[in-house]
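1. Got a predicted structure here, sequence first:
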Amino acid sequence: MEIDLLNPASFIGGHPHEQYDWLRDNEPVYRHDEPGGTGFWAITSHQDVYNIGRNAALFSSEPTIMIADPDPEQANFSGPHKMMLMMDPPEHTAYRKLISREFTQGPAKHYNQRIKELATQIVDDIIDKGECDFVTDIAGEMPSFVIADLMGLPLDDGRELYKLTEVIHSAPETLPENAIPEAVMKMFEYGQGVIKEKRANPGNDLASKLLAAELDGKKLEDSEFLLFFMLLIDAGGDTTRNLVATGMHELLRAPRTTCPAEV
């Protein structure tokens, strides 16, 4: 079995499940070659992934969780700080506490009605067209609207920021030269405007709360906020879009087994 989890061609027809199956059955801890890089470990056993995620003393998220090694010329584009994803406890734990309460069951439950309103708005905007690209027009709109609303940003801006995250997550070889660092810089430039606006007119939104929060008795520096800002804009986009789109796909494919009778 040829294993190539870096080539975009492997994913043209969806995830290469036959490669995953072979790895789980034969080499659940697999050293994958990386052209021009040092290579990486592909872990395909659920138990192994579970154990690794809970053993920060042995398996570190620093200096990066990305497959590609950081470009030394771009490694410090955000200053001396790093994104929370690239931290280990106790540093990671301290930063996570700044926002974790906003996503626990209690506060999140109070946001249900607003999410329903946003979902209704998204559907209303396309219903009269008679057709749409569900992944882009609905599944992609939802996370961009929700995170923009949480951060106290205009919904249209959330859509544009989501487009930047799509560029950031794309394979570099599929994009024009420097497209990814340019998208990152556009994200940071927008974030600088958020800093200025929220400091002048703070509200009850997540951006204002982050700017007012203290870590070890000090408020976040601009570069720390910008990394948090990019993480929050970025983190829920791909995963939520794929969850909503895949859920709809499965519902259409097998409605009786996907949707319980009592719903």
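-> Okay, I see it. Numbering: from 1, shown residues only.

2. Which strand or helix spans the residue positioned nearest the centre of the chain?
-> For the chain, the residue nearest the mean C-alpha position is residue 235 (2.1 Å; Cα atoms, centre = their mean). Using DSSP states H and E, residue 235 sits in helix 222-253.

3. Now that helix: average pLDDT?
-> For helix 222-253, the mean pLDDT works out to 87.

4. Repeat that for stretch 170-184.
-> Rounded mean pLDDT across stretch 170-184 is 87.

5. Now do the buried residues in it.
-> By 16 or more other Cβ atoms under 10 Å, the buried positions in stretch 170-184 come out as 180, 183-184. For the C-beta atoms, the positions are set from N, CA and C on the backbone; glycine is no exception.

6. do stretch 24-38 as well
-> Buried residues in stretch 24-38, counting neighbours by 16+ other Cβ under 10 Å, are found at residue 30.

7. now could you export just the CA positions of that stretch as PDB?
-> The C-alpha trace of stretch 24-38 is given here as PDB (Å, rounded to 0.1, in the frame of the first residue of the first chain):
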ATOM      1  CA  ARG A  24      -4.400   1.000  11.600                       C
ATOM      2  CA  ASP A  25      -4.000  -2.700  10.700                       C
ATOM      3  CA  ASN A  26      -0.300  -2.600   9.900                       C
ATOM      4  CA  GLU A  27       1.600   0.400  11.200                       C
ATOM      5  CA  PRO A  28      -0.600   2.500  13.600                       C
ATOM      6  CA  VAL A  29       2.500   4.500  14.500                       C
ATOM      7  CA  TYR A  30       3.900   5.300  11.000                       C
ATOM      8  CA  ARG A  31       6.900   7.500  10.100                       C
ATOM      9  CA  HIS A  32       5.700   9.500   7.100                       C
ATOM     10  CA  ASP A  33       8.300  11.000   4.700                       C
ATOM     11  CA  GLU A  34       8.000  14.800   4.000                       C
ATOM     12  CA  PRO A  35       9.700  16.100   0.800                       C
ATOM     13  CA  GLY A  36      11.900  19.000   1.800                       C
ATOM     14  CA  GLY A  37      11.100  18.400   5.500                       C
ATOM     15  CA  THR A  38      12.000  16.200   8.500                       C
END
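
8. residue ranges with poor pLDDT in this structure?
-> Residue ranges of the chain with pLDDT under 70: 63-80, 257-263.

9. mind listing the strands for it?
-> Under the criterion DSSP state E, the chain carries strands at the ranges 29-32, 40-43, 214-215, 218-219.

10. Tell me which of these sits nearest to residue 231.
-> Ranking the strands of the chain by proximity to residue 231 (Cβ to Cβ) places strand 214-215 first, at 15.1 Å.

11. okay, now residue 187: neighbour count?
-> Residue 187 sits with 19 neighbouring residues when counted by other Cβ atoms under 10 Å.

12. scratch that, residue 113 is what I was asking about
-> When neighbours are counted by other Cβ under 10 Å, residue 113 registers 9.

13. isn't residue 107 right next to residue 99, touching?
-> No - at 10.6 Å, residue 107 and residue 99 do not qualify as touching, with contact defined as Cβ atoms under 8 Å.

14. From residue 167, how far off is residue 37?
-> Distance, residue 37 to residue 167, by Cβ to Cβ, to the nearest Å: 21 Å.

15. export the buried residues of stretch 170-184 to CSV and tack on distance to residue 250?
-> Shown next, in CSV, are the buried residues of stretch 170-184 (distance: Cβ to Cβ, whole Å):
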residue, distance to residue 250
180, 32
183, 31
184, 34
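
16. between these, which is nearest residue 252?
-> Using Cβ to Cβ, residue 183 comes nearest to residue 252 of those, at 32.7 Å.

17. measure the closest residue in space to the closest one that isn't next to it in sequence to residue 134 for me?
-> Once flanking residues are discounted, residue 183 sits nearest to residue 167: 4.0 Å by Cβ to Cβ, 6 or more residues apart in numbering. Using Cβ to Cβ, we find residue 167 at a distance of 21 Å from residue 134.

18. separation between residue 153 and residue 159?
-> Per Cβ to Cβ, residue 153 is found 10 Å from residue 159.
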